[in-house]
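K.L.:
what follows is a protein structure lacking sequence information:
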């Protein structure tokens, strides 16, 4: 009989999540760099802009999950930490049942309203693409989105049991498969439908893998129904969750829609290229925080001191990585985009990358605390910050884009993220739970990035060799500065993590045991924050 798979919050599962997530990140970067130039040069900025805008509509539509996926993660983690395996499976079945209903409703509305969506986003039409073709593509994408909502909720059990390493492997397989299909079909003249088919193949391969992984880790889940009295509880909690998470979708996607409508599809394409680079930097910065929501749900009541230690370690690392990579985008984006896309490129893409990097820096500041609050079941402050972000960004981007064009959307993103961070931190301070991870290393990295930008901002003539050498020197300098600026305890933690980051995760006794009590115990006292 095979051994039970490793689950729950432990150094082993956390390190598996981070190492596999790093591999997925590397594949994502490489595939993105390969696919975007091919698509742009084969289909043109107008057609690519159509795909960006439609993808944006779908990203906004993904909020129809009502926060259920994150609530499934939180409930599964809490039940797993209490040793209640059946409770974890029941939560997954109930969450999936809710998403079947909301996903089905979304598909119906999207199919019926495709022409209305198309007319609003592309009021002047798009050269080379008929309105009917856009309508059909929207309908096909909405069906894909509805299926994805259900699958994402059902497979959220992997996050709840701290096996995001399996999720990362499946996403990597999907990204490789979808990218290959996209490139081959685009080169064969597939156009818009090549992009859709690549996306469909990517999701199909990804979800097939996750189905296998879920069966291995938590067999026998299946689908079920949710009772009306339980439905009210689910919607009350997930309603705050979706409010807390809505800014992650609106922050960039709303700006693309506004640009597509008032400036044109090529402007949306340029904005997408720039923010895609920043998005990849953000993914890397958030990678250390991936286990935090499930860890907070599992440990807050039973082992709060361990949660404090995990929160500080992961948060400090996230801040340091974020300062280094966002600084790299500001310093190197203009040269990189010029070499990457070639002539004529996409005017505005480099500026979008640089300004969006500044906006995302304000978004990353509250991220560790937001994840800890959500995992601990306290959604009020994250929801308040998200509302401030969405309202500010929505209004400022809309008004400024109509007044000054492309740059207005960029300024709106900065304004929204600043407002969201201020409101969130203010709410936590009023409640006495504002405890930040260490910022010293991140501040030092930010100073180095500002100096590098001042030194290199007028040098835009070098080739790939000069860019590679400059970037390598930047990274080496930043690593040295971050290590010197970090406290001795942080350095010990980081070096310990690096030593343990192998494939076997052999750890000292007691440090690799999931926080699952052998017998039911009385709830421990909670600590603030």
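P.N.:
Sure, I can see it. The structure displayed is predicted, hence computed values, not measured ones.
K.L.:
on the three-state scheme, residue 189 is what?
P.N.:
Using DSSP: H, G, I helix; E, B strand; the rest coil, the secondary structure recorded for residue 189 is coil.
K.L.:
grab the nearest non-local neighbour of it.
P.N.:
Using C-beta to C-beta, 6 or more residues apart in numbering and skipping the chain neighbours, the partner closest in space to residue 189 is residue 42 (7.9 Å). Every residue, glycine included, has its C-beta placed from N, CA and C.
K.L.:
surely that neighbour touches residue 187?
P.N.:
Yes. Here residue 42 lies in contact with residue 187, judged by C-beta atoms under 8 Å, at a distance of 6.5 Å.
K.L.:
who has more neighbours out of those two?
P.N.:
The residue with more neighbours, out of residue 42 and residue 187, is residue 42; 18 against 12, by other C-beta atoms under 10 Å.
K.L.:
element containing that one, please.
P.N.:
In this assignment (DSSP states H and E), residue 42 forms part of helix 11-61.
K.L.:
distance from the chain centre to the host helix or strand of residue 403, please.
P.N.:
Taking DSSP H and E as the criterion, residue 403 maps to helix 380-404. With C-alpha atoms, centre = their mean, to the nearest Å as the basis, helix 380-404 stands 19 Å off its chain's centre.
K.L.:
quick one: average pLDDT of that helix?
P.N.:
Across helix 380-404, pLDDT averages out at 89.
K.L.:
likewise stretch 36-54?
P.N.:
Rounded mean pLDDT across stretch 36-54 is 82.
K.L.:
ok, and what's touching that stretch?
P.N.:
With C-beta atoms under 8 Å, 6 or more residues apart in numbering as the test, stretch 36-54 has contacts from 121-122, 126-129, 134, 137-138, 141, 182-183, 186-187, 189, 191-192, 195, 256-257, 260, 264-270, 272-273, 276, 340-342, 346.
K.L.:
what are the buried residues along that stretch?
P.N.:
Going by neighbour count (16 or more other C-beta atoms under 10 Å), the buried part of stretch 36-54 is 36, 39-40, 42-45, 47-54.
K.L.:
do the same with stretch 202-212
P.N.:
Result for stretch 202-212 [16+ other C-beta under 10 Å]: buried residues 202-207, 209-210.
K.L.:
ok so, going back, buried set for the helix holding residue 403?
P.N.:
Neighbour count says helix 380-404 has 381-390, 392-394, 396-398, 400-401 buried, by 16+ other C-beta under 10 Å.
K.L.:
what's near enough to touch residue 29?
P.N.:
Taking C-beta under 8 Å, 6+ apart as the test, what residue 29 contacts is residue 280.
K.L.:
which pLDDT does the model give it?
P.N.:
For residue 29, the model assigns a pLDDT of 78.
K.L.:
tell me how far it lies from residue 399.
P.N.:
35 Å (C-beta to C-beta, to the nearest Å).
K.L.:
quick one, domains of the protein?
P.N.:
1-226, 249-502 (automatic domain parsing).
K.L.:
picking that back up, after the helix holding residue 403, which helix or strand is next?
P.N.:
With DSSP H and E, the next secondary element past helix 380-404 is helix 406-430.
K.L.:
buried residues, that next one. List them.
P.N.:
Using 16+ other C-beta under 10 Å as the test for burial, helix 406-430 gives 406, 408-425, 427-428.
K.L.:
which secondary structure element contains the closest residue to residue 414 other than its chain neighbours?
P.N.:
Using C-beta to C-beta, 6+ apart and skipping the chain neighbours, the partner closest in space to residue 414 is residue 359 (4.5 Å). Residue 359 belongs to helix 349-364 when assigned by DSSP H and E.
K.L.:
elements contacting that helix?
P.N.:
Judged by 3 or more C-beta pairs under 8 Å, 6 or more residues apart in numbering; DSSP states H and E, the packing partners of helix 349-364 are helix 228-262, helix 265-286, helix 304-341, helix 406-430.
K.L.:
follow-up on the earlier one: I figured the residue nearest to residue 414 hits residue 410, correct?
P.N.:
Yes. Distance between residue 359 and residue 410: 7.5 Å, which falls inside the contact criterion (C-beta under 8 Å).
K.L.:
go ahead and confirm residue 371 touches residue 293.
P.N.:
Yes. Applying C-beta under 8 Å, one finds residue 371 in contact with residue 293, separated by 5.0 Å.
K.L.:
so these two - more neighbours on which side?
P.N.:
Taking neighbours as other C-beta under 10 Å, residue 371 and residue 293 compare with residue 371 leading, 25 against 22.
K.L.:
need the pLDDT of the more buried one.
P.N.:
On the pLDDT scale, residue 371 gets 87.
K.L.:
apart from its neighbours in sequence, what residue is nearest it?
P.N.:
Per C-beta to C-beta, 6+ apart, closest to residue 371 is residue 292, 4.2 Å.
K.L.:
and the one you found, what pLDDT?
P.N.:
84.
K.L.:
can you give me the neighbour number for it?
P.N.:
26.
K.L.:
show me what contacts it?
P.N.:
Taking C-beta under 8 Å, 6+ apart, we find residue 292 in contact with 310-311, 314, 368, 371-372, 375.
K.L.:
need the phi and psi values for it.
P.N.:
Backbone torsions for residue 292, taken as degrees, to the nearest 10, come to phi -70, psi -40.
K.L.:
pLDDT below threshold where in the stretch 51-200 of the chain?
P.N.:
57-66 (pLDDT under 70).
K.L.:
for it, just list every one of the strands.
P.N.:
Here the stretch 51-200 of the chain has no strands by DSSP state E, counting those that start in this stretch.
K.L.:
which parts of it are helices?
P.N.:
68-81, 85-112, 114-121, 131-154, 157-160, 164-187, 192-217 (DSSP state H, counting those that start in this stretch).
K.L.:
out of those helices, flag the one nearest residue 483.
P.N.:
Closest to residue 483 of the helices of the stretch 51-200 of the chain is helix 164-187 (C-beta to C-beta; 26.7 Å).
K.L.:
in contact with the nearest residue in space to residue 49 that is not next to it in sequence, which residues are there?
P.N.:
Taking C-beta to C-beta, 6+ apart, and ignoring the residues beside it in sequence, residue 49 has residue 265 as its nearest neighbour in space, at 2.9 Å. By C-beta under 8 Å, 6+ apart, the contact set of residue 265 is 45-46, 49-50, 52-53, 122, 126.
K.L.:
and for residue 34?
P.N.:
Here residue 34 is in contact with 179, 183 (criterion: C-beta under 8 Å, 6+ apart).
K.L.:
ok, it to residue 27 distance?
P.N.:
Counting by C-beta to C-beta - residue 34 and residue 27 are separated by 11 Å.
K.L.:
cool, residue 169 as well?
P.N.:
Distance from residue 169 to residue 27, by C-beta to C-beta: 10 Å.
K.L.:
same check, this time on residue 288
P.N.:
Going from residue 288 to residue 27 by C-beta to C-beta gives 19 Å.
K.L.:
looking at those two, which is more packed in?
P.N.:
More neighbours surround residue 288 than the other of residue 288 and residue 27, with 24 against 17 (other C-beta under 10 Å).
K.L.:
leaving out the residues flanking it, which one is nearest to the residue nearest in space to the middle of the chain?
P.N.:
Residue closest to the average C-alpha location in the chain (C-alpha atoms, centre = their mean): residue 283, at 5.9 Å. Leaving aside its chain neighbours, residue 283 sits nearest to residue 25 (6.1 Å; criterion: C-beta to C-beta, 6+ apart).
K.L.:
show me the contacts for that neighbour.
P.N.:
Contacts of residue 25 (C-beta under 8 Å, 6+ apart): 280, 283-284, 287.
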